[in-house]
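*Asks:* Have a look; sequence and predicted model below, questions after that.
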Amino acid sequence: MAGLKNRLRPGRPPRLKAQQWREVLRQLKRGAQAFGYETERWTLDRVQQLIKQEYGVIYSANYLSDKLRRLGWSPQQPAVYAKERDEELIAAWLRQDWPRIKKSAAARRNHHSGR
């Protein structure tokens, strides 16, 4: 059994050590704007650039996506809203217009089906 434990793993050694990955995660938690980006969204391209700048290592997007997921970093899709979005106008539309539209659509459906 002791002989088996001393065997090295086959394949290429990891480019980043576990401690370096923990540091990458700490940097990601600081937010993308802390690294000069306009938004807080971390894209794979941005994470690749961060790792290249900090450690001189380039990972493929596929590997990086899998590795970050295994480390507990889930992809986040920010909600995208128009800058012109007016929440009060939307609420008023949902309160007043939508019920009327829904009711008239149901009436047309019932009229056409002969009910």
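*Replies:* Thanks, I have the structure now.
*Asks:* Buried residues of the helix or strand harbouring Gln53, list them for me.
*Replies:* For Gln53, the element it lies in under DSSP states H and E is helix 44-55. For helix 44-55, the neighbour count (16 or more other C-beta atoms under 10 Å) marks Arg46, Val47, Gln48, Leu50, Ile51 as buried. Where C-beta positions appear, they are placed from N, C-alpha and C, glycine not excepted.
*Asks:* now, which of those residues sits nearest Val24?
*Replies:* Comparing the buried residues of helix 44-55 against Val24 with C-beta to C-beta places Ile51 closest, at 6.3 Å.
*Asks:* can you pull the contacts of the closest one?
*Replies:* Ile51 is in contact with Leu16, Val24, Val57, Ile58, Tyr59, Leu64, counting by C-beta atoms under 8 Å, 6 or more residues apart in numbering.
*Asks:* ok, of the buried residues of helix 44-55, which one's closest to Ala82?
*Replies:* Closest approach to Ala82 among those (C-beta to C-beta): Arg46, at 23.9 Å.
*Asks:* so the closest one touches Glu38, yeah?
*Replies:* No. Taking C-beta atoms under 8 Å as the definition, Arg46 is not a contact partner of Glu38, at 10.9 Å.
*Asks:* list the contacts for Lys83?
*Replies:* Lys83 neighbours (C-beta under 8 Å, 6+ apart): none.
*Asks:* For the protein, which segments count as helices?
*Replies:* For the chain, the helices defined by DSSP state H occupy 2-5, 18-30, 44-55, 61-70, 87-92, 98-113.
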